[in-house]
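In: Provide a 3D model corresponding to the input given below.
(chains A, B, C and D)
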There are 2 protein chains.
Amino acid sequence: MRKRQRRSDCPVHFALEHIGDPWSMLVIRDLVMFGRRTYGEFLNAGEGIATNVLADRLKRLEEDGLLVREADPERSSRPRYRPTQKALDLLPVLLEMAAWSGTWDEQTVVPRELVERIRHDRASVEREILACYERDEPWMPGVPAREEDDGR
Amino acid sequence: MRKRQRRSDCPVHFALEHIGDPWSMLVIRDLVMFGRRTYGEFLNAGEGIATNVLADRLKRLEEDGLLVREADPERSSRPRYRPTQKALDLLPVLLEMAAWSGTWDEQTVVPRELVERIRHDRASVEREILACYERDEPWMPGVPAREEDDGR
DNA sequence: CCGGATCCGTTTCGATACTG
DNA sequence: CAGTATCGAAACGGATCCGG
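Out: Residues are numbered from 1 along each chain as shown, chains lettered A, B, ... in the order given. The predicted structure follows:
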């Protein structure tokens, strides 16, 4: 018997236990597209996620194999989160979400130009993002990344 | 001034107020891909959505312009829900979700063959689905559409 | 400090009963 | 058949506390 305790644990298997949770998707987006890696970076990224909710999602995503938690090589006291391939494979979903948002959401942060790129050559956008990921750099073409936190 | 009362109304504008809600996405999927049109069809579609939650989501999606509510031409007492273009435009997101689910979700209902089709020629899958939509027919290649309720 | 954990008032969910 | 009404159980948000 499976434990069934999560709100988004609806009995249809359509990726919704992750994609159907906004905070999970924000964390995954931050991991995959914006190169965020630490608790503080997620927390102060402008989305206003609460500390307990963030901790819960990080744990849940780790349990479900979407991210790995490892020690920072320089400051070992600070955990560092990295997306797994399972999370990287959500990039097409994230990009289609971005394109839809840029088209229909009046409050969108996604620029039209990016929408066009996704529509006409999504593969190249994916390659660009994954190349940044390989170099451990953030990718942020016009999308506000870190809103002012910066304390290094 | 906008009402801000929804749980998934997080301040980052990335389509998450709809995509981040599992029940909303199920309704949209049922509308766009499976040709479901009535309250009862959504309710008994096997997902186990509660009546009040379904009513709430239908109202919310109508307010946000994702579906229109109209009277059934034959039985005028029965409302009929149809997706708008805004909802139809979520088809790429739905298909990428399906592909991810078919790849990574061990409980998935998405067959491998469909995953391959989405990966290699998503546009043709989209055309197929939209053609069914135009004819007001459901589309369900191997995906269980309305599974008979398991008693309960 | 940073990365959480804990407590608490409020909101939302989910199940069922009920109504037009 | 298409929804409301109700109510206990979760989840959320915010603040605070705590360990390294």
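In: Can you give me the neighbour number for residue A:22?
Out: The burial count assigned to residue A:22 is 25, neighbours taken as other CB atoms under 10 Å in any protein chain shown. Backbone N, C-alpha and C define where each C-beta goes, glycine included.
In: pLDDT below threshold where in chain A?
Out: A:1-13, A:141-152 (pLDDT under 70).
In: same thing but 80
Out: When residues are selected by pLDDT under 80, those of chain A lie in A:1-14, A:46-47, A:107, A:140-152.
In: Please identify which helix or strand holds residue A:25.
Out: Assigned by DSSP states H and E, residue A:25 belongs to helix A:22-32.
In: what packs against that helix?
Out: The helices and strands touching helix A:22-32, judged by 3 or more CB pairs under 8 Å, 6 or more residues apart in numbering or on different chains; DSSP states H and E, are helix A:16-19, helix A:39-43, helix A:51-63, strand A:79-83, helix A:85-88, helix A:91-104, helix B:16-19.
In: go again using 6 Å as the cut-off
Out: Counting contacts by 3 or more CB pairs under 6 Å, 6 or more residues apart in numbering or on different chains; DSSP states H and E, the secondary-structure elements packed against helix A:22-32 are helix A:51-63.
In: Next SSE downstream of the helix it packs on?
Out: Read in the C-terminal direction, the helix or strand following helix A:51-63 is strand A:67-71, with elements assigned using DSSP H and E.
In: chain center to that following strand, what's the gap?
Out: 15 Å (CA atoms, centre = their mean, to the nearest Å).
In: Just give me the neighbour total for residue A:106.
Out: Burial of residue A:106, expressed as a neighbour count using other CB under 10 Å, amounts to 5.
In: Can you tell me the SS state at it?
Out: In the three-state summary, residue A:106 is assigned as coil, counting by DSSP: H, G, I helix; E, B strand; the rest coil.
In: So which bits of chain A are right by chain B?
Out: A:8, A:10-16, A:19-20, A:22, A:47-48, A:86, A:89, A:92-93, A:96-97, A:100-101, A:104-105, A:107-109 (CB under 6 Å from any CB of the partner chain).
In: From DNA strand D, how far off is the one residue in chain A that gets nearest to DNA strand C?
Out: Among the residues of chain A, residue A:40 lies nearest to DNA strand C; the distance is 2.8 Å by CB to the nearest atom of the strand. Counting by CB to the nearest atom of the strand, to the nearest Å, the gap between residue A:40 and DNA strand D amounts to 11 Å.
In: Kindly supply the PyMOL command isolating those of the residues of chain A next to chain B that are buried.
Out: The command below creates a PyMOL selection of those among those that count as buried (16 or more other CB atoms under 10 Å in any protein chain shown):
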select buried, chain A and resi 8+10+12+14+15+16+19+20+22+47+86+89+92+93+96+97+100+101+104+105+108
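In: hey, which helix is longest across chain A?
Out: Scanning chain A for the helix with the most residues, using DSSP state H, yields helix A:112-134.
In: what's the neighbour count on the closest residue to residue A:98 other than its chain neighbours?
Out: Among residues not flanking residue A:98 along the chain, residue A:110 sits closest, at 4.8 Å (CB to CB, 6 or more residues apart in numbering or on different chains). The local packing of residue A:110 (other CB under 10 Å) involves 23 other residues.
In: wait, doesn't residue A:110 sit right on residue A:102?
Out: Yes: assessed by CB atoms under 6 Å, residue A:110 is found in contact with residue A:102 at 3.4 Å.
In: quick one on the thing from earlier: starting at the chain centroid, how far to the longest helix of chain A?
Out: Centre-to-centre, helix A:112-134 and its host chain are 15 Å apart (CA atoms, centre = their mean).
In: cool, and stretch A:70-80?
Out: 20 Å.
In: can you tell me if the helix holding residue A:25 touches DNA strand D.
Out: Yes: counting by CB under 7 Å from any atom of the strand, DNA strand D has neighbours in helix A:22-32: residue A:23.
In: what angle separates that helix from helix A:112-134?
Out: Between helix A:22-32 and helix A:112-134, the angle formed by their directions is 70 degrees, by axes from the mean of the first three to the mean of the last three CA atoms, to 10 degrees.
In: Can you give me the distance of the closest residue to residue A:115 other than its chain neighbours to residue A:20?
Out: Across the structure, with CB to CB, 6+ apart as the measure, the residue nearest residue A:115 apart from its sequence neighbours is residue A:102 (3.9 Å). Between residue A:102 and residue A:20 the distance, using CB to CB, to the nearest Å, works out to 21 Å.
In: Same question for residue A:29.
Out: Residue A:29 is 15 Å from residue A:20, where distance means CB to CB.
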